[in-house]
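Colleague: Got a predicted model here, sequence first, then my questions.
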Amino acid sequence: MTSRKPIYVTQPELPSLEEFMPYLQKIWDARVLTNGGPFHAMFEAALCEYLGVKHISLFTNATIALVTALQALRIGGEVITTPYSFVATAHSRMWNGVKPVFVDVDPETLNMDPARIEAAITPQTTAIMPIHCYGTPCDVEAIQRIADDYNLKVIYDAAHAFGVRREEGGELRSVLNHGDLSVLSFHATKVFNTFEGGAIICPDAKTKQRIDHLKNFGFVNETTVVATGINGKMSEFNAALGLVQLKHIDEAIARRGAIESRYRELLRDVPGVRMLERPAGVTPNHSYFPILVGPAFALGRDGLYHGLREHGVMARRYFYPLISDFPMYRGLPSADAARLPVARAASEQVLCLPIYPALANEDVERIAAIVAAGAVASSLPMPLAA
Ligand code: T4K
């Protein structure tokens with residue numbers, strides 16, 4: 001086993017403590033720690049401006065934000081969704097007593113396949129809940145057309161899509177402006193982090209107000225409670241950190257882009273490795289770097305996963321297993337493997353390689369070299385101690 005420090009799939013970006021200290025000092029001086037303090041308000045305004053969205057409501061994390069988004073739109077019955085995601089997407093529905101109906105994904109983007117949605121609609125369907133997987137925008141126009149035709153709501157799990165833009169009518173616009181609501185994650189492992197954190201993007205002030213009440217136990221004022229809300233508020237610490245992080249985000253995304261380009265060059269001709277194409281007109285955030293390890297790859301996906309670990313490289317199988325294979329979902333008719341062949345193949349082939357701004361170029365080269373070696377050999381050479 002190598003004595004190098006392990007390389008994880010990601011490493012959170014942080015500002016210097018020096019830069020953050022004045023913000024902490026202000027919190028210490030004011031003794032306003034949470035419940036909608038000044039940094040919370042400033043961070044909401046700064047995010048609206050950076051992301052190019054009208055209204056945003058900050059949360060403790062994306063999972064509580066997803067649970068609240070469903071509450072805000074009073075979603076019940078059945079929700080059509082993807083099995084190819086992090087388990088929080090589905091759990092948020094179960095916390096609302098809503099039944100997930102899984103449909104297969106598109107082989108090019110691994111996003112929900114709009115062609116499958118219509119056939120899954122029943123009289124109980126109330127909403128569609130897709131994710132912009134790895135930050136690749138869904139086919140938002142096709143999804144909206146179906147939603148309009150059947151009077152369904154659309155809630156995007158946009159946990160991966162911070163800062164992603166699309167060309168629309170000659171302009172670059174945030175992908176977060178689509179659907180009725182979009183939910184972001186600012187978890188430590190995301191492109192943009194506030195340690196823990198999340199947000200709901202909403203189209204109008206009235207919806208934001210409802211969401212703001214819901215995340216504060218349903219309180220409107222000291223004595224009035226209008227809904228069975230939850231505690232989903234972001235603290236001043238997280239909001240202040242977010243304000244500082246925002247100053248560095250463009251640089252961080254640019255560095256991620258350079259790493260992705262290098263991986264793509266190095267892995268272009270490796271047999272059995274497929275990389276996802278970026279749809280035209282999209283400004284990406286390079287949040288993940290998934291490769292699909294196909295049958296022509298000698299070592300196989302799991303062989304490569306374990307081989308990389310031997311070399312101290314902790315790549316991750318996002319998303320394996322499929323959500324529809326977890327015990328609380330696998331009994332659903334829509335979880336039947338035969339109905340989800342594309343998602344199943346992807347979950348058996350995918351490996352997300354490390355990508356984060358502090359990843360050194362030489363490590364990118366070394367990781368790509370290990371992948372290339374695994375393509376043609378059924379075992380990898382033992383790593384040399386560094
Ligand atoms: N929807 C989607 C589509 C999502 O992907 C997620 C979260 C959510 C909703 C829910 O968002 P939040 O409620 O979390 O805001 C991670 C994250 O915990 C999870 O947030 C994320 N998706 C998911 C894709 O990945 P794990 O189980 O892989 O995390 P973990 O702890 O193994 O971290 C991965 C690696 O990152 C570690 O090996 C080392 C590194 N790391 C991690 C943390 C937490 C660090 O270096 N520092 C850290 O503080 O789930």
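Modeller: In hand now; what should we look at?
Colleague: Where does the residue lying closest to Phe289 once chain neighbours are set aside sit: helix, strand or coil?
Modeller: Leaving aside its chain neighbours, Phe289 sits nearest to Ile355 (4.3 Å; criterion: Cβ to Cβ, 6 or more residues apart in numbering). For every residue, glycine as well, the C-beta is placed using N, CA and C. Under DSSP: H, G, I helix; E, B strand; the rest coil, the three-state class of Ile355 is coil.
Colleague: measure Ile355 to Leu33 for me?
Modeller: Distance of Ile355 to Leu33, computed by Cβ to Cβ, to the nearest Å: 34 Å.
Colleague: Show me which of the two is the more surrounded one.
Modeller: It is Ile355, of Ile355 and Leu33, that has more neighbours when counted by other Cβ atoms under 10 Å, with 23 against 11.
Colleague: Contact partners for that one?
Modeller: By Cβ atoms under 8 Å, 6 or more residues apart in numbering, the residues touching Ile355 are Val9, Thr10, Arg256, Ile259, Glu260, Tyr263, His286, Ser287, Tyr288, Phe289.
Colleague: Which members of those residues additionally contact the ligand?
Modeller: Val9, Thr10 (Cβ under 6 Å from any ligand atom).
Colleague: Among the contacts of Ile355, which lie within strands?
Modeller: Phe289 (DSSP state E).
Colleague: Closest one of the contacts of Ile355 to Asn151?
Modeller: The closest of the contacts of Ile355 to Asn151 turns out to be Ser287 (Cβ to Cβ; 32.5 Å).
Colleague: Just list the residues touching the closest one, thanks.
Modeller: Tyr134, Gly135, His160, Ala161, Phe162, Lys190, Val191, Arg256, Ile355.
Colleague: my guess is the second one meets Asn285, correct?
Modeller: Translated: Gly135. Yes. Between Gly135 and Asn285 there is a contact under Cβ atoms under 8 Å: 4.9 Å.
Colleague: tell me, what's touching these two both at once?
Modeller: Shared contacts of Gly135 and Asn285, counting by Cβ under 8 Å, 6+ apart, come down to His160, Ala161, Phe162, Val164, Val191.
Colleague: which non-adjacent residue is nearest the first one?
Modeller: Taking Cβ to Cβ, 6+ apart, and ignoring the residues beside it in sequence, His160 has Gly135 as its nearest neighbour in space, at 4.5 Å.
Colleague: quick one, what contacts that neighbour?
Modeller: His160, Ala161, Phe162, Val164, Val191, Pro284, Asn285, His286, Ser287, Tyr288.
Colleague: could those residues go into CSV alongside pLDDT?
Modeller: What follows is the contacts of Gly135, written out as CSV (pLDDT from 0 to 100):
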residue, pLDDT
His160, 98
Ala161, 98
Phe162, 98
Val164, 98
Val191, 98
Pro284, 98
Asn285, 98
His286, 98
Ser287, 98
Tyr288, 98
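Colleague: who wins for most neighbours among those?
Modeller: Ala161 (29 neighbours).
Colleague: Let's verify that one: helix, strand, or coil?
Modeller: Following three-state DSSP, Ala161 is assigned to coil.
Colleague: For the closest residue to it other than its chain neighbours, give me the pLDDT.
Modeller: Excluding the flanking residues, the one nearest Ala161 by Cβ to Cβ, 6+ apart is His132, at 4.1 Å. Reading off the confidence values, His132 has pLDDT 98.
Colleague: With distance to the ligand added, can I get the shared contacts of Gly135 and Asn285 in CSV?
Modeller: Shown next, in CSV, are those (distance: Cβ to the nearest ligand atom, whole Å):
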residue, distance to the ligand
His160, 6
Ala161, 9
Phe162, 11
Val164, 13
Val191, 11
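Colleague: would a markdown table of those residues with distance to Ile64 be doable?
Modeller: Below are these laid out as a markdown table (distance: Cβ to Cβ, whole Å):
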| residue | distance to Ile64 |
| --- | --- |
| His160 | 18 |
| Ala161 | 18 |
| Phe162 | 17 |
| Val164 | 22 |
| Val191 | 20 |
